[in-house]
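J.: Here is the input, now give the coordinates:
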Amino acid sequence: MNKTQSDNIQIHAPIPQIYALNHAPIPFYFSQNSRDFFVREIPLYPFSQQGEHLILEIRKKGLSTQEMLKILSSHLGCKDFGYAGLKDKSATTIQYISLHKSYAKNLSASLSSLEEKGIKVLSQTYHSNKIKLGHLRGNSFFIRLKKVHPSSALMLENVAQKILKNGLPNYFGYQRFGKFQNNHIEAIEILQKKRTCRNKTLKNFLFSSLQSYLFNLYLAKRITLSHILASFQNSELHTALKLEGFKGLDDAMLLKELKSQAHFFKILPGDVMEHYPRGKLFCTQDLKTDSNRFFNRAICPSAPLFGSKLFSAQDLVLELENETLHTHCPLNIPAIGARRYAWIYPEDLKTRYIQEKTHFELEFFLPKGSYATIFIQELAHRDILLD
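T.: Residues are numbered from 1 along each chain as shown. All right, here's what the predicted structure looks like:
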């Protein structure tokens with residue numbers, strides 16, 4: 001890679017997001033804090049209540065998962081914890097951690113002092129295996145929106161029901177990109193040798209943020225394509241697609257087939273599909289069959305986390321993915337590639353409007369790795385980061 005190519009990388013902050021729905025922005029106040037944002041982790045499986053691993057159900061406030069583990073380590077003398085996922089600092093969160101049962105006595109002596117630091121052990125049990133990263137079904141959320149006028153409450157209820165029915169794009173949330181929304185830019189500068197980072201853990205995290213940024217870019221491109229296919233007549237499609245820079249979509253029969261798909265998010269030749277909510281990856285071979293299976297929530301399309309050993313797309317999708325990568329990061333990312341659902345479905349949605357307080361409250365479940373703030377931004381149809 002020569003200097004000119006490296007310097008011409010197109011990369012931006014803040015992170016772009018193209019919304020799937022097309023309603024007008026809805027005004028409200030959202031603040032991610034421990035009073036108005038609650039997260040409860042849902043384990044992947046029930047614990048056996050026996051075994052050498054002590055399982056703790058922990059509620060924390062104002063602490064990241066890593067900060068919580070550091071406090072636990074200092075009180076218990078334990079350095080080896082298992083956990084399924086990282087939870088937000090600016091929230092009240094409930095999650096499960098594992099440690100060896102030999103630390104149970106130290107825990108009993110430390111409960112009150114831990115509570116003083118914002119850590120409360122809600123329950124204890126045992127299991128034969130250590131909790132590992134990713135070993136959760138998902139998370140349940142409670143979120144309180146404020147300064148919601150009655151007309152906005154009606155809009156929020158209507159849009160929330162649409163999201164419940166049709167799902168939403170599985171973007172990475174703003175939390176992924178750091179306080180200044182520039183983690184991905186720092187990763188590019190490391191690859192360009194404009195910046196050094198000797199902390200291996202931090203460097204890997206920055207590269208992960210870059211993968212997330214490219215994922216969001218690619219997903220935004222696919223959402224744009226779906227809007228074009230939904231909005232334009234067949235006679236106008238070629239011009240609209242050309243203006244947005246889409247290549248390889250000039251076959252009239254293919255465009256007709258894409259427009260006929262029932263779901264808003266259109267399945268393309270070569271898409272990598274995955275059984276939903278978990279399962280094996282495969283490339284679509286029959287657009288009509290797989291688009292119907294997607295509409296019925298049996299499978300979902302995936303988008304790439306670029307890196308080595310990535311399960312490769314085919315045909316048109318491979319071209320679109322390569323275009324995204326080569327335009328925005330034509331440098332080898334030293335990370336393992338993976339596939340992530342491009343589309344997800346919330347479950348167990350409950351809403352409540354408290355008119356005298358102008359509060360609108362939501363409860364819902366999302367599969368693991370998905371961001372409640374993306375749900376809120378799709379509701380709002382605007383950036384909520386600076387609210």
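J.: how about stretch 277-295: buried residues?
T.: Neighbour-count burial for stretch 277-295, counted by 16 or more other CB atoms under 10 Å, picks out Cys283, Thr284, Leu287, Asp290, Ser291, Asn292, Arg293, Phe294, Phe295. C-betas here are computed from N, CA, C, even on glycine.
J.: Reformat the residues you listed as CSV; add secondary structure, distance to His100 and pLDDT.
T.: CSV is the format used below for those (DSSP: H, G, I helix; E, B strand; the rest coil; distance: CB to CB, whole Å; pLDDT from 0 to 100):
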residue, secondary structure, distance to His100, pLDDT
Cys283, strand, 43, 97
Thr284, coil, 46, 97
Leu287, helix, 51, 96
Asp290, helix, 46, 98
Ser291, helix, 49, 97
Asn292, helix, 49, 97
Arg293, helix, 44, 98
Phe294, helix, 44, 98
Phe295, helix, 47, 97
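J.: Would you tell me which one of those comes nearest to Ile384?
T.: Closest approach to Ile384 among those (CB to CB): Phe294, at 28.1 Å.
J.: residue ranges for the strands of the stretch 51-200 of the chain, please.
T.: Shown for the stretch 51-200 of the chain, the strands assigned by DSSP state E, counting those that start in this stretch span residues 53-61, 82-83, 92-100, 119-127, 136-145, 168-169.
J.: Out of those, flag the one nearest Lys194.
T.: Of all those, strand 168-169 comes closest under CB to CB, at 31.8 Å.
J.: Give me the contacts around that closest one.
T.: Strand 168-169 has contacts (CB atoms under 8 Å, 6 or more residues apart in numbering) with Ile18, Ala20, Leu219, Ile223, Phe265, Ala342, Trp343, Ile344, Pro346, Ile374, Phe375, Glu378.
J.: Which two of the residues you listed have the greatest separation?
T.: Farthest pair in the contacts of strand 168-169, by CB to CB: Ile18 and Pro346, 19.0 Å.
J.: more neighbours, those two?
T.: Pro346 (21 against 17; other CB atoms under 10 Å).
J.: for the more buried one, what are its contacts?
T.: Ile163, Leu164, Gly167, Leu168, Phe364, Phe365, Leu366, Phe375.
J.: Could you find the closest non-adjacent residue to it?
T.: Once flanking residues are discounted, Pro346 sits nearest to Phe364: 4.6 Å by CB to CB, 6 or more residues apart in numbering.
J.: show me where pLDDT drops low in the stretch 251-387 of the chain?
T.: The model of the stretch 251-387 of the chain has pLDDT under 70 over residues 385-387.
J.: Show me where it has its strands.
T.: Using DSSP E, counting those that start in this stretch, strands in the stretch 251-387 of the chain cover 272-275, 281-283, 299-305, 338-341, 343-344, 347-354, 359-367.
J.: which one of those strands is the most hemmed in?
T.: Greatest average neighbour count among these goes to strand 299-305 (a mean of 25), per mean count of other CB atoms under 10 Å.
J.: helices and strands around it, which ones?
T.: Under the contact definition 3 or more CB pairs under 8 Å, 6 or more residues apart in numbering; DSSP states H and E, strand 299-305 sits against helix 200-231, strand 272-275, helix 287-295, strand 338-341, strand 343-344.
J.: That's all I had, so thanks and see you.
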